[in-house]
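>>> pasting the sequence and the predicted coordinates here, then a few questions.
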Amino acid sequence: MEMGNSLAHFAAGIGAGLAVMGGAAGIGRLAAAAMDGSARQPQVAGEIRTTMIIAAALIEGVTLFAEVVCILLAVKG
């Protein structure tokens, strides 16, 4: 294995890890804010939950896209 290929795999692993950590932090903050909002106004908890699920899906989609880009860069490198 040549040095450039090893560095490409290492960089892809670091990038994928950072993407997952960012996505997890984003979803965690989103869930905390939704729970806080539901506790403050229980009558709109259903709407808050729906909005939270849509936002979490968007965050997961961006995270998955970042992981795919990292994998493609590792395979190409």
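Looks like it arrived, so ask away. Numbers count the residues shown, from 1 in each chain.
>>> next, count neighbours for residue 50.
Residue 50: 11 surrounding residues under other Cβ atoms under 10 Å. Bear in mind the C-beta positions are built from the backbone N, C-alpha and C, glycine included.
>>> quick check: which element contains it?
Residue 50 belongs to helix 45-76 when elements are defined using DSSP states H and E.
>>> tell me what that helix is packed against?
Applying 3 or more Cβ pairs under 8 Å, 6 or more residues apart in numbering; DSSP states H and E, we find helix 45-76 packed against helix 3-40.
>>> go through the helix it packs on and flag the buried ones.
8-9, 12, 15-16, 19, 23, 26-27, 30, 34, 37-38 (16 or more other Cβ atoms under 10 Å).
>>> what do you get for stretch 57-75?
Buried, per 16+ other Cβ under 10 Å, within stretch 57-75: 59, 63, 66, 67, 70, 74.
>>> model confidence over that stretch, on average?
For stretch 57-75, mean pLDDT rounds to 93.
>>> which other residues reach that stretch?
Stretch 57-75 is contacted from outside by 8-9, 11-13, 15-16, 19-20, 22-23, 26-27, 30, using Cβ atoms under 8 Å, 6 or more residues apart in numbering.
>>> repeat that for 7 Å
Residues outside stretch 57-75 that contact it (Cβ atoms under 7 Å, 6 or more residues apart in numbering) are 8, 9, 12, 15, 16, 19, 20, 23, 26, 27.
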